[in-house]
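J.: Model the structure of this input:
(2 chains)
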Amino acid sequence: MNTSPNLQSSAQPVIQIQKMNKWFGQFHVLKEIDLEVVTGERIVICGPSGSGKSTLIRCINRLEEHQEGQIVVDGIELTSDLKHIEQVRREVGMVFQHFNLFPHLTVLENCTLAPIWVRKQPKAEAEKTAMSYLERVKIPDQAHKYPGQLSGGQQQRVAIARSLCMQPRIMLFDEPTSALDPEMIKEVLDVMIELAETGMTMLVVTHEMGFARTVANRVIFMDDGQIIEQNEPEAFFNNPKSDRTKLFLSQILQH
Amino acid sequence: MSNPRSVFFVRKEFISARQAPASTIGVLGWIRNNLFSTPFNSLMTVALGGLGVWLIWGALDWLIFNAVWAGGNEACKVNPDGACWTFISTRFDQFVYGFYEKPERWRVDLILLVLFTGVFWSGWERAPARKWVGGFMLIPFPLIAWVVLYGGIFGLPVVETSQWGGFTLTLVVSLIGIIVSLPLGILLALGRRSNMPIIHSTCLFFIEFWRGVPLITVLFMAAYVLPLFFPTGLNFDQLLRALIGFALFAAAYMAEVVRGGLQSLNKGQYEAADSLGLSYWKSMRLIILPQALKAVIPGIVNTFIGLFKDTTLVLIIGLLDLLGMVHAAIADPNWSIRSVPTTGYAFVAITFFIFCYGMSRYSRFVEEKLNTGHKR
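T.: Got it, this is the predicted structure:
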């Protein structure tokens, strides 16, 4: 499960970030980020709050703009060119901490909206795809309900299905379980684990270290806007090298 | 440690839900809780109830029981202690059509018929093709209505806008205002929130300018001052000028209402739409505006109702809407009876109330229908 994907078969990294710097006004939030992600990799990004981990993944689909450096996703460079941005966003799916489902549409409509209007699929085909993904996340019976009628765990699973309906090459997860009641975290993590098993490239910002151990190829620790340490999960958790990493792990892991 | 009290408990038989006590639910419960909950409240209920009954009885007395329903001004002179409804009925045509020539009034009737049919058709839930009807009512219909009412083509004799008046004029002015203000207001609101500096400042200036001047001065300027700037010979219809001013004014107000709705939306909605690859206009149309507009339906309908009543201001430029007509009719020496002015204004008030309350009720109906589990 944790073995790295065959690096010889995937020649070009699917995400390449080089010397990326970002400021919010005067505040230097991301410093000299260098990151390469290969197809099929599952990366968990962790760190204290304010470390810039969410900002980092939001730069990958241009929800945030970087001021210096280069971000190349799926061969397309992210600049202020709107066409490139929209191309990248079609290939990168995102799951948010607060789900962000569209409350005025049913679950099925939430899932078919983007395929119909962005990929120009006919409605019947989009609905078929949507129902198959809703079955994969184990809530096909809720297809005609509205998001407000679902529990948090169900809403997050719909959000995952909605992103998957665009059939992206990369999935970004921004603290997907942080807003869930504890009894619903497992159902969402199970969906993410099953997704990982199908070979999806995933970047997950999370505090769920159990998930990292089960599924990740790489764990990245960020603090103060920089990547401090990265390693394979077992090595990362059992043998952290940096003092900051050790401090963080001591705060969040229970022995 | 001394012997602690045992805190152990396990429930063997589970309690199922029961009905609430009779005196706390239902009509009796409501009356107890809201009207007679404390001695002071009970006293207020009795006092205000008594006052209410006295006022309502007095009003009904004047409006209906003692009122004069027929017989012309002679009947009202005899009985000036009740409403003089015959005043309204004798001059009813004028109140509805203004000075529109009698033989051409069928054109007004036709337009009014199409208008009310169209409004009810697009408003009724189960009507077939109601989106098409709604679309027709919004764009082609106002243009067609103007052409039919003004005339000049298809052999229809021209009826100058200075002859339009009464309730027809009220409808024309308010509907133009309503139909133009919402789309234009939406564009202005989006423009004001734009990141592009030229669009942003243009929209901002436009909104602040039109909101900063009273509507009366807008109408006055449109009617009397604007022509001074036109080259001689260019003659722009006076009502049309006033309508343009009215519509732009209304759009500025609507822009701020819509902007409130756009701001109230969770930022995550914008981000989710973006992350799915939706373009700006698609995300506006499919995600943002449906939610933003739904959130501010009260504000939008409020603005519409205000516009409807603001039409009375066209009096300032010599156009006689419903209120203006009634006002002029009251001055008729044949009808200088004590009850006539009150009756006239009561009639106007009741008419406006029916339409404004109608709009209000419809908006509540729309809000209920759109509450699709959005709020848990």
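J.: what about the residue of the stretch 51-200 of chain B found nearest chain A, how many neighbours?
T.: Closest residue of the stretch 51-200 of chain B to chain A, CB to the nearest CB: B:Asn195 (11.1 Å). For glycine as for every other residue, the C-beta is placed from the backbone atoms N, C-alpha and C. B:Asn195: 6 surrounding residues under other CB atoms under 10 Å in any protein chain shown.
J.: Distance-wise, check B:Thr24 relative to B:Asn41.
T.: 16 Å (CB to CB, to the nearest Å).
J.: Settle this for me: B:Ala295 is touching B:Gly261, isn't it.
T.: Yes: B:Ala295 sits in contact with B:Gly261 when judged by CB atoms under 8 Å, with a separation of 4.7 Å.
J.: Residues that sit against both of those two, list them.
T.: With contacts defined as CB atoms under 8 Å, 6 or more residues apart in numbering or on different chains, no residue is shared by B:Ala295 and B:Gly261.
J.: Buried residues of stretch B:223-231, list them for me.
T.: Of the residues in stretch B:223-231, B:223, B:226 count as buried by neighbour count, 16 or more other CB atoms under 10 Å in any protein chain shown.
J.: and it, average pLDDT?
T.: Average pLDDT, stretch B:223-231: 78.
J.: Now do the end-to-end distance for that stretch.
T.: End-to-end distance for stretch B:223-231, by CA to CA, to the nearest Å: 15 Å.
J.: So which residues make contact with that stretch?
T.: Contacts of stretch B:223-231 (CB under 8 Å, 6+ apart): B:236, B:238, B:241-242, B:316-318.
J.: ditto for stretch A:12-29
T.: A:30-39, A:52, A:55, A:59-60, A:64-75, A:169-170, A:201, A:203, A:225.
J.: now swap in stretch A:82-96 and tell me
T.: Outside stretch A:82-96, the residues touching it (CB under 8 Å, 6+ apart) are A:57, A:60-63, A:73-74, A:76-78, A:118-119, A:156, A:159-160, A:163-164, A:166, A:168-174, A:176, B:268, B:271-272, B:274-277, B:279.
J.: can you give me how far it is from the chain middle?
T.: Distance, stretch centre to chain centre, for stretch A:82-96: 12 Å (CA atoms, centre = their mean, to the nearest Å).
J.: C-alpha coordinates for it, CSV please?
T.: Output in CSV follows, covering the C-alpha atoms of stretch A:82-96 (Å, rounded to 0.1, in the frame of the first residue of the first chain):
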residue,chain,number,x,y,z
LEU,A,82,-7.4,32.6,-17.6
LYS,A,83,-7.6,29.9,-20.2
HIS,A,84,-4.7,28.0,-18.6
ILE,A,85,-6.3,28.4,-15.2
GLU,A,86,-9.5,26.9,-16.4
GLN,A,87,-7.7,24.1,-18.1
VAL,A,88,-5.8,23.3,-14.9
ARG,A,89,-9.0,23.4,-12.8
ARG,A,90,-10.7,20.9,-15.0
GLU,A,91,-7.9,18.4,-14.2
VAL,A,92,-7.6,19.2,-10.5
GLY,A,93,-10.5,18.3,-8.2
MET,A,94,-10.7,19.9,-4.7
VAL,A,95,-12.5,18.8,-1.5
PHE,A,96,-13.0,21.5,1.1
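J.: What parts of chain A come near chain B?
T.: Counting by CB under 8 Å from any CB of the partner chain, the positions of chain A adjacent to chain B are A:61, A:63, A:86, A:89-90, A:92-94, A:96, A:98-104, A:113-114, A:117-118, A:145-149, A:162-163, A:166.
J.: Drop anything exposed from those residues.
T.: A:61, A:63, A:86, A:89-90, A:92-94, A:96, A:98-104, A:113-114, A:117-118, A:145-147, A:162-163, A:166.
J.: Identify the residues contacting residue 118.
T.: Since you didn't name a chain, this refers to chain A. A:90, A:166, B:276-278, B:282 are the contacts of A:Val118 under CB under 8 Å, 6+ apart.
J.: let's do chain B instead
T.: B:Gly118 makes contact with B:133, B:136-137, B:141 under the criterion CB under 8 Å, 6+ apart.
J.: Is there a quick ChimeraX command that grabs whichever of those residues are buried?
T.: The buried residues among the contacts of B:Gly118 can be selected in ChimeraX (16+ other CB under 10 Å) with this line:
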select /B:133,136,137,141
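J.: ok so, going back, okay, and which of the residues of chain A next to chain B map to helices?
T.: Among the residues of chain A next to chain B, the members falling in helices (DSSP state H) are A:86, A:89-90, A:113-114, A:117, A:162-163.
J.: Need the buried ones from the contacts of stretch B:223-231 selected in PyMOL.
T.: In PyMOL, a selection of the buried entries from those looks like this (16+ other CB under 10 Å):
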select buried, chain B and resi 238+241+242+316+317
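J.: for B:Ile25, what are its contacts?
T.: Listed by CB under 8 Å, 6+ apart, the contact set of B:Ile25 reads B:Gln19.
J.: Verify the stated contact: B:Arg105 with B:Tyr97.
T.: Yes: under the criterion of CB under 8 Å, B:Arg105 is in contact with B:Tyr97, at a separation of 5.4 Å.
J.: and the two? which has more neighbours close in?
T.: B:Tyr97 (23 against 15).
J.: Over to that one: give its phi and psi.
T.: Backbone geometry at B:Tyr97, expressed as degrees, to the nearest 10, gives phi -100, psi -10.
J.: Hmm, it is touching B:Thr168, no?
T.: Yes: using CB under 8 Å, B:Tyr97 makes contact with B:Thr168 at a distance of 5.9 Å.
J.: Now do the shared contacts for those two.
T.: With CB under 8 Å, 6+ apart, B:Tyr97 and B:Thr168 have common neighbours B:Val108.
J.: so what's residue 240 scoring on pLDDT?
T.: Since no chain was named, I'll use chain A. 91.
J.: nope, chain B
T.: Value for B:Leu240, per-residue pLDDT: 86.
J.: Report how many residues lie close to it.
T.: 14.
J.: can you check A:Gln154 too?
T.: Around A:Gln154 sit 21 other residues, with neighbours defined as other CB under 10 Å.
J.: In contact with it, which residues are there?
T.: Counting by CB under 8 Å, 6+ apart, A:Gln154 has contacts A:139, A:142.
J.: Using the three-state scheme, assign it.
T.: Following DSSP: H, G, I helix; E, B strand; the rest coil, the label given to A:Gln154 is helix.
J.: could you measure it against chain B, distance?
T.: 13 Å (CB to the nearest CB, to the nearest Å).
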